[in-house]
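S.K.: Next comes the sequence, and after it the predicted model I'd like to discuss.
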There are 2 protein chains.
Amino acid sequence: MAIYDDILAKVREQLPRMTHARKCVLRCLCESEQPLAANDMQVMLADADVDAATIYRNLETLCQIGVVHKVEMSARGALFALADNDHSHSIKCTECNCRVDIGDCFMAEVEALIQQRTGFDSVRHLVNFTGVCPQCRQPQQQ
Amino acid sequence: MAIYDDILAKVREQLPRMTHARKCVLRCLCESEQPLAANDMQVMLADADVDAATIYRNLETLCQIGVVHKVEMSARGALFALADNDHSHSIKCTECNCRVDIGDCFMAEVEALIQQRTGFDSVRHLVNFTGVCPQCRQPQQQ
DNA sequence: CCCTTATTGCAAATCATTTGCAAGTGAAAT
DNA sequence: ATTTCACTTGCAAATGATTTGCAATAAGGG
């Protein structure tokens, strides 16, 4: 949980209070390899006694101070992730919903290419891969 | 609109009826370079006299026959795109929300790599890039 | 043009997200 | 340890997206 502690320290420098709810939200983000929807956190924190509204408000605050990165997918849907995480990606099977890790994030080169092509700075990415896993591809043979 | 006509023909082969609403949904998907949320289509089709429920039902049907690809972002949120589109990607500025095209999709190699690493088939991707555009990076100097 | 039934529109039901406001609680100062 | 202040929270109500039931509509074959 070194990452968690680092993040906590960083947040303490930027916000006046460190509360139970705020820690819970940060813990969710640290524990997840995937970007999360606010709703996903509600599920993860079902036993933690944190109100849904509080989760939303914390996410907003954490985005404002730059610790969390928000990706707006459409009008109502957004995903959240730690802003500086060293992450990997995974791929989800469309048949059985299993998820397999792909390994270290190989998007750095892609981001560099984008920066070069467009002149954009601070390039970030959200990716989502789907496919059919080896088990589901074969007609199941007992 | 060659793509649109091709898709229409493909759908006609798979479904018994081709309705006004169904055409509208397909047109939205053909016209958009980005994957769309159901809600985005409601906005695009505000004048087209298509009920929201109908949009959702058509998207579900089109996914079932494999013409549309659904990416579930979280419990309630999903994005939709044509399953076989030859697309490009763009990057959105987090400051001014402008969107700049990146050019042809360079994810084919990435998908090949993933296929090799994981054994998954039919690999598809959804990506979302954000950054700070050249205009916003400079403190605005009149 | 008629028939069959897939599809639609409408209304109601669900569920996620946002907002207002009084109560609760960190943390600095005592 | 206690007090104090205002940042945060929980609750409840409001808002808006998505889903579902059902009667009415309309696409396409005969």
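M.R.: Great, that's in hand.
S.K.: From here on, just use CA atoms for contacts and neighbour counts.
M.R.: Will do.
S.K.: residues touching A:Met18, list them.
M.R.: A:Met18 sits next to A:Val11, A:Arg12 when contact means Cα atoms under 8 Å, 6 or more residues apart in numbering or on different chains.
S.K.: roughly how far apart are it and A:Thr130?
M.R.: A:Met18 is 38 Å from A:Thr130, where distance means Cα to Cα, to the nearest Å.
S.K.: Need phi/psi at the residue positioned nearest the centre of chain A.
M.R.: With distances taken as Cα atoms, centre = their mean, the residue of chain A nearest its centroid is A:Pro35 (2.0 Å). The phi and psi values for A:Pro35, taken as degrees, to the nearest 10, are phi -60, psi 150.
S.K.: same check, this time on A:His87
M.R.: phi -120, psi 170.
S.K.: domain ranges for chain A?
M.R.: By the assignment in automatic domain parsing, chain A contains the domains A:2-82, A:88-133.
S.K.: Could you export these to CSV, including columns for distance to DNA strand D and mean pLDDT?
M.R.: Shown next, in CSV, are these (distance: least, Cα to the nearest atom of the strand, whole Å; pLDDT from 0 to 100):
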stretch, distance to DNA strand D, mean pLDDT
domain A:2-82, 4, 93
domain A:88-133, 17, 90
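S.K.: Between these, which one is closest to B:Val43.
M.R.: domain A:2-82 (10.4 Å; Cα to Cα).
S.K.: How far off centre is that closest one?
M.R.: Mean-position distance between domain A:2-82 and its chain equals 9 Å (Cα atoms, centre = their mean, to the nearest Å).
S.K.: now the closest residue to A:Ala38 other than its chain neighbours: how far from A:Val25?
M.R.: Nearest residue to A:Ala38, sequence neighbours excluded (Cα to Cα, 6 or more residues apart in numbering or on different chains): A:Tyr56, at 6.5 Å. Applying Cα to Cα, the value for A:Tyr56 to A:Val25 is 9 Å.
S.K.: Compare those two (neighbour count), which wins?
M.R.: Neighbours per residue, other Cα atoms under 10 Å in any protein chain shown: of A:Tyr56 and A:Val25, the larger number sits with A:Val25, 22 against 17.
S.K.: and the longest strand for chain A?
M.R.: Using DSSP state E, we find that the single longest strand of chain A is strand A:121-132.
S.K.: In chain A, mark out all the strands, start to finish.
M.R.: A:68-72, A:78-82, A:88-93, A:99-104, A:121-132.
S.K.: strands paired with the last one, and their directions?
M.R.: In this case it means strand A:121-132. strand A:88-93 (parallel), strand B:121-132 (antiparallel) (DSSP bridges).
S.K.: how close does the residue lying closest to A:Asn58 once chain neighbours are set aside sit to A:Leu8?
M.R.: Excluding the flanking residues, the one nearest A:Asn58 by Cα to Cα, 6+ apart is A:Arg22, at 6.3 Å. For A:Arg22, the distance to A:Leu8 equals 9 Å [Cα to Cα].
S.K.: Compare neighbour counts for those two and give me the winner.
M.R.: The residue with more neighbours, out of A:Arg22 and A:Leu8, is A:Arg22; 20 against 17, by other Cα under 10 Å.
S.K.: pretty sure the more buried one is touching A:Tyr56, no?
M.R.: No. Contact criterion Cα atoms under 8 Å: A:Arg22 and A:Tyr56 do not qualify, at 10.5 Å.
S.K.: residues in chain A within reach of chain B, list them.
M.R.: Taking Cα under 8 Å from any Cα of the partner chain as the contact definition, chain A meets chain B at A:36-37, A:39-40, A:71, A:73-77, A:79, A:93, A:100-102, A:114, A:117-134, A:137.
S.K.: Name the residues of chain A found near DNA strand C, please.
M.R.: Residues of chain A lying close to DNA strand C by Cα under 7 Å from any atom of the strand are A:12, A:16-20, A:37-39, A:52-53, A:56-57, A:76-78.
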